[in-house]
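**Q** Need coordinates for the following:
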Amino acid sequence: MKKFRGCTVDPNTMSGGWINPNTGIEVTDELTVYWIVYEDTEENTKFLKNYKEVLKERFKQDDIMMYSVSITKF
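**A** Numbers count the residues shown, from 1 in each chain. Purely as a prediction, here's the structure:
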């Protein structure tokens, strides 16, 4: 919220799974989706990549899926 001045949380918890490429072990998860809208700058991308590592450690996750899509605001 502080960095990007807003965040939307999808209230529906989703179940998912993936195969850890390092171990080959199947992992199942309960996940929550957070949406942020931000300006596509090198600084913001660097911040999010670093923050991903903080979150992985904080929540003891092998990985956290984060992705970016381009949008046009009207």
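
**Q** Now do the residue nearest the centre of the chain against V9, distance only.
**A** Centroid check for the chain by Cα atoms, centre = their mean gives M66 as the closest residue, at 3.3 Å. Counting by Cβ to Cβ, to the nearest Å, the gap between M66 and V9 amounts to 15 Å. Heads up, the C-betas are built off the backbone N, CA and C, glycines and all.

**Q** Touching, the residue nearest to the centre of the chain and N50? I think so.
**A** No. Using Cβ atoms under 8 Å, M66 is not in contact with N50; the gap is 11.3 Å.

**Q** In terms of helices and strands, where is the closest residue to the residue nearest to the centre of the chain other than its chain neighbours?
**A** Leaving aside its chain neighbours, M66 sits nearest to K52 (5.3 Å; criterion: Cβ to Cβ, 6 or more residues apart in numbering). K52 is part of helix 42-58 when elements are defined by DSSP states H and E.

**Q** which residues make contact with that helix from outside it?
**A** K3, F4, Y38, Q61, D62, D63, I64, M66, S68 (Cβ atoms under 8 Å, 6 or more residues apart in numbering).

**Q** circling back to that earlier point, remind me which helix or strand the residue nearest to the centre of the chain belongs to.
**A** Using DSSP H and E, M66 falls outside every helix and strand.

**Q** Please tell me how far it sits from F4.
**A** 13 Å.

**Q** before we move on, the earlier item: from F59, how far off is the residue nearest to M66?
**A** K52 is 11 Å from F59, by Cβ to Cβ.

**Q** do the same with T72
**A** For T72, the distance to F59 - Cβ to Cβ - is 32 Å.

**Q** Just want to know which of these two has more residues nearby.
**A** F59 (8 against 4; other Cβ atoms under 10 Å).

**Q** What's the local residue count around Q61?
**A** Quick note: Q61 (other Cβ under 10 Å) scores 13 neighbours.

**Q** and the end-to-end length of stretch 58-74?
**A** The straight-line separation of the ends of stretch 58-74 (Cα to Cα, to the nearest Å) is 36 Å.

**Q** and it, what's its mean pLDDT?
**A** Mean pLDDT, stretch 58-74: 87.

**Q** Pull out the buried residues from that stretch.
**A** Buried residues in stretch 58-74, counted by 16 or more other Cβ atoms under 10 Å: none are found.
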